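Peer 1: Just a sequence and a predicted model for now, questions to come.
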Amino acid sequence: MSTTKASPVTLSKFLSRHEVAERTMAFRFEKPSKWTFKAGQFLDMTLLDPSETDAEGNTRTFSIASAPHEETLMVATRMRDTAFKRVLNTMPLESVVKIEGPSGNLTLHSNVKRTAVFLAGGIGITPFRSIVFHAAKEKLPHRIFLFYSNRRPEDAPFLDELQALEKENPNYKLIASMNEMVKSNRPWHGEVGLIDKEMLSKYLKDAVSPIYYVAGPPGMVKGLHTIINEAGVGDDDIRAEEFAGY
C-alpha cells in the first residue's frame, strides 16, 4: 500500500483486542473527534515510546477494517513475531498511538448500476469488511459479490459476520472458499479450492459491467489480476492492493 500522500496526524487511545482467526488479532482504537474516512481506506499507525523495537521500525500501514459508522477504529493483522506486533499484543489499554491518514482509493465506485466484485485472500479481507458493512448500513443499491479465499475456516478473519451479513443486505453475496480443508477440524459446506476463472464464471453470469477489487498476498493479487485480464477486463476496471507479510 502506498503512503506517499501527505495526511493529517492525530493521536488515538487503544481500547481492546480480540482474536478473529487463528494467529490473527483485531485491535480497536478510539475514533478521534472529527476524524473521518471512506470505507476501504487505510492508515499509518506509529507506536509511541514502545517497550521494544527492531529494524522494521515503529510504524505500520493497516487497512481500516471497521466501517465509517462504527464507533471505534478497528485494524486487524496476522501476528508475526516482530517487535511491533509483540508490543501491539501486550500494550495496556488506554495506551496512545499516532495515526496518520486516512489514505487510499480502494473505495466503492459510485455508479450503482455496475456490479462490485471483491476478491480477498486472508487478511486482505480488511478493506472489504469495511466496505460491505458500510453498504449494508447505508442500504446502497450496488450488487456486491465478495469472493473470500483462505486455507481453512479457522484462518478466515470475520467469516461468521460476513456470512450473517447476507441476511441484512439482499444485494450482497459471499462466496467463501477453503483450499486446505484436510488440515481443518471444522465442517465446511462452501466452495473449495483457489479463486479461479471457473469459480468467477459460476457466480458472475449476471454481473453487470463489473468492477473488480483485489486484496491479499502479492502472489494472489498478481495471479487474479492476470485471470481477470484474460477474461477480457481492462486494467481500468481492476483495482488492487497487495498485503505484504509484515
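Peer 2: Cool, the structure landed.
Peer 1: now the strands: where do they sit in the chain?
Peer 2: With DSSP state E, the ranges of strands along the chain come out as 9-21, 24-30, 42-47, 59-63, 72-78, 96-103, 116-121, 144-150, 172-178, 191-192, 211-216, 238-242.
Peer 1: Highest mean neighbour count out of those strands?
Peer 2: Each of the strands of the chain was scored by mean neighbour count; the highest is strand 116-121, a mean of 26, by mean count of other C-beta atoms under 10 Å. Where C-beta positions appear, they are placed from N, C-alpha and C, glycine not excepted.
Peer 1: who touches the residue nearest the centre of the chain in this structure?
Peer 2: Relative to the mean C-alpha position of the chain, the nearest C-alpha, by C-alpha atoms, centre = their mean, is the one of residue 126, at 1.6 Å. Residues touching residue 126, when contacts are defined by C-beta atoms under 8 Å, 6 or more residues apart in numbering, comprise 62, 63, 64, 65, 75, 76, 157, 215.
Peer 1: The third one touches residue 102, doesn't it?
Peer 2: Yes: the criterion here is C-beta atoms under 8 Å, and residue 64 meets it with residue 102 at 6.8 Å.
Peer 1: Need the overlap of contacts for those two.
Peer 2: When C-beta under 8 Å, 6+ apart defines a contact, the residues bordering residue 64 and residue 102 alike are 37, 41, 42, 43.
Peer 1: Going by distance to residue 70, which of the residues you listed wins?
Peer 2: Of all these, residue 70 sits closest to residue 37, with 11.0 Å by C-beta to C-beta.
Peer 1: Counting neighbours, what do you get for that closest one?
Peer 2: Under the neighbour criterion other C-beta atoms under 10 Å, residue 37 is assigned a count of 20.
Peer 1: One more: residue 170?
Peer 2: A count of nearby residues for residue 170, using other C-beta under 10 Å, gives 9.
Peer 1: other SSEs contacting the helix or strand of the chain with the lowest mean pLDDT?
Peer 2: Lowest by mean pLDDT, DSSP states H and E among the helices and strands of the chain is strand 238-242, with a mean of 92. Using 3 or more C-beta pairs under 8 Å, 6 or more residues apart in numbering; DSSP states H and E as the contact criterion, the elements in contact with strand 238-242 are strand 211-216, helix 218-230.
Peer 1: For the shared contacts of residue 64 and residue 102, could you give me JSON lines that also reports distance to residue 8?
Peer 2: Written out in JSON lines, the entries for these read as follows (distance: C-beta to C-beta, whole Å):
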{"residue": "37", "distance to residue 8": "11"}
{"residue": "41", "distance to residue 8": "13"}
{"residue": "42", "distance to residue 8": "14"}
{"residue": "43", "distance to residue 8": "10"}
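Peer 1: domains of this protein?
Peer 2: Structurally, the chain divides into domains by automatic domain parsing as follows: 9-103, 116-242.
Peer 1: Distance to residue 110 for these - can I get that in TSV?
Peer 2: Rendered in TSV, the data for the domains of the chain read as follows (distance: least, C-beta to C-beta, whole Å):
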stretch	distance to residue 110
domain 9-103	11
domain 116-242	9
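Peer 1: Select, out of those, the one closest to residue 109.
Peer 2: For the domains of the chain, proximity to residue 109 was assessed by C-beta to C-beta; domain 116-242 is nearest, at 5.2 Å.
Peer 1: and the closest one, how far from the chain's centre?
Peer 2: Mean-position distance between domain 116-242 and its chain equals 10 Å (C-alpha atoms, centre = their mean, to the nearest Å).
Peer 1: Stretch 20-35 now?
Peer 2: Taking C-alpha atoms, centre = their mean, the mean C-alpha location of stretch 20-35 is offset from the chain mean by 12 Å.
Peer 1: returning to that earlier point: tell me the pLDDT of the residue nearest to the centre of the chain.
Peer 2: pLDDT, residue 126: 97.
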